[in-house]
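K.L.:
using only what follows, build the 3D model:
(2 chains)
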Amino acid sequence: QQQVKQSPQSLIVQKGGISIINCAYENTAFDYFPWYQQFPGKGPALLIAIRPDVSEKKEGRFTISFNKSAKQFSLHIMDSQPGDSATYFCAASGSEKLVFGKGTKLTVNP
Amino acid sequence: DAGITQSPRHKVTETGTPVTLRCHQTENHRYMYWYRQDPGHGLRLIHYSYGVKDTDKGEVSDGYSVSRSKTEDFLLTLESATSSQTSVYFCAISERYAATNTEAFFGQGTRLTVV
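P.N.:
Below is the predicted model:
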């Protein structure tokens, strides 16, 4: 079963635009929600993370919005750049396991 | 970069043969994980370890076994490789369990092809 649902599967935006990736989870025991960024040929790397006691976290151009009642969270990339082109994974954990969404391939055109 | 080394980085093997992938860390982190990455499926947890000789199953553990005899090494074994196990395998480590706001560090991956 898929515990974290991520959409869209792929996303194309123009340079300077806003990229938005959405995730939904089912397990209310999850209490940590990280986003990972993966470049081709590399392992995923932590980008930004949030806990459910806050509704938003911002780090530079990257913002996580969290809606606990809807069990949804999203990643917003402001002023998207070609260097942001990568695959993004949302994830969730509430025990010793870290479960991932299926990923979103982001392409930012110059 | 976190000190994680996966070996081999690439391997081609025949159906029915056993295969062992190795993950070695120099960070002394307690938790170690094996994931597989497939197009359309993202990252799926195979097995994880929460200490020496302490392991548990993930969501896609059938056909795989693991062992951790030392803090620094976590081995993934495909007991009898099948074509469905062709994938990219990632090892990850974390200092504390994932629920405590702890970053997981990933290795570079092992591309395994079963022919």
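K.L.:
any idea how many residues pack against residue 61?
P.N.:
Looking at chain A here, since you left the chain open. By the measure other Cβ atoms under 10 Å in any protein chain shown, the count of residues near A:R61 is 14. Using the backbone N, CA and C atoms, a C-beta is placed for each residue, glycine as well.
K.L.:
chain B is the one I meant
P.N.:
Using other Cβ under 10 Å, B:S61 has 17 neighbouring residues.
K.L.:
what does A:G60 give?
P.N.:
A count of nearby residues for A:G60, using other Cβ under 10 Å, gives 9.
K.L.:
where's it relative to A:Q81, distance?
P.N.:
Look at A:G60 and A:Q81: by Cβ to Cβ, to the nearest Å, they are 11 Å apart.
K.L.:
same question for B:S49.
P.N.:
For B:S49, the distance to A:Q81 - Cβ to Cβ - is 38 Å.
K.L.:
find the closest residue to chain A in chain B.
P.N.:
The minimum distance from chain B to chain A, using Cβ to the nearest Cβ, falls at B:F106 (3.2 Å).
K.L.:
now that residue, which residues is it bridged with?
P.N.:
Listed by DSSP bridges, the beta-bridge partners for B:F106 are B:A92.
K.L.:
tell me who's in contact with it.
P.N.:
Listed by Cβ atoms under 8 Å, 6 or more residues apart in numbering or on different chains, the contact set of B:F106 reads A:Y36, A:G43, A:P44, A:A45, B:I4, B:F90, B:C91, B:A92.
K.L.:
quick one, which of B:S49 and A:Q81 is more surrounded?
P.N.:
Higher neighbour count among B:S49 and A:Q81: B:S49, with 24 against 14, using other Cβ under 10 Å.
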